[in-house]
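J.: got a sequence here, can you model it:
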Amino acid sequence: QVQLVESGGGLAQTGDSLRLSCAASGRTFSSAPMGWFRQAPGKEREFVAAIGWSEGSTIYAGSVKGRFTISRDKVKNTVSLRMNNLKPEDTAVYYCVAGGAVTTTPATWGQGTQVTVFS
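T.: Just a heads-up that it's a prediction; the model follows:
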């Protein structure tokens, strides 16, 4: 069974940093794009960042560009999201995704991890 498991969420103050990690199991995603979505309270899920099979290929939502960095370890089948200079508007449940049209309709979703940023 394909599974994506996120970790690393939690509480942070404005300006702090957090690192989210996602471990893929049950299937090798080494040749598939992976990424992150988020869903804030009362809002729709939105794309955050994605990384292609080549680690040099990344794409970010405008709201996080310059603050968040996505990376992956193809050997360990993990993807990480380093979030710097966090803002209260970054508060959301963050989902790891893989495959499919990863920036719009990913094929596989994790269960999500909560990130709460307070001022």
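J.: top strand in the chain by residue count?
T.: strand 92-101 (DSSP state E).
J.: which strands and helices lie in contact with it?
T.: Other helices and strands packing on strand 92-101, by 3 or more C-beta pairs under 8 Å, 6 or more residues apart in numbering; DSSP states H and E, are strand 3-7, strand 18-25, strand 34-39, strand 78-83, strand 105-109, strand 113-118. Just so you know, the C-beta spots here come from the backbone N, C-alpha and C atoms, and that holds for glycine as well.
J.: low-confidence regions, this protein specifically.
T.: For the chain, the stretches flagged by pLDDT under 70 are 1, 27-30, 54-56.
J.: what's the closest non-adjacent residue to the residue nearest the centre of it?
T.: With distances taken as C-alpha atoms, centre = their mean, Trp36 lies nearest the centre of the chain, 2.7 Å away. Closest residue in space to Trp36, ignoring its immediate chain neighbours: Val48 at 4.3 Å, by C-beta to C-beta, 6 or more residues apart in numbering.
J.: any idea how far stretch 21-28 is from the chain center?
T.: Put simply, stretch 21-28 sits 13 Å off its chain's centre (C-alpha atoms, centre = their mean, to the nearest Å).
J.: now that stretch - C-alpha only, CSV.
T.: Backbone C-alpha positions of stretch 21-28 (Å, rounded to 0.1, in the frame of the first residue of the first chain) are rendered in CSV as follows:
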residue,chain,number,x,y,z
SER,A,21,9.6,15.9,6.4
CYS,A,22,7.7,13.3,4.4
ALA,A,23,8.6,9.6,4.2
ALA,A,24,7.2,7.5,1.3
SER,A,25,6.7,3.8,1.8
GLY,A,26,5.2,1.0,-0.2
ARG,A,27,6.3,2.3,-3.5
THR,A,28,9.4,4.0,-4.9
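J.: buried sites along it?
T.: 21-24 (16 or more other C-beta atoms under 10 Å).
J.: ok, now stretch 46-55?
T.: 47-52.
J.: Ala107: how many residues sit nearby?
T.: Neighbourhood size, Ala107 [other C-beta atoms under 10 Å]: 14.
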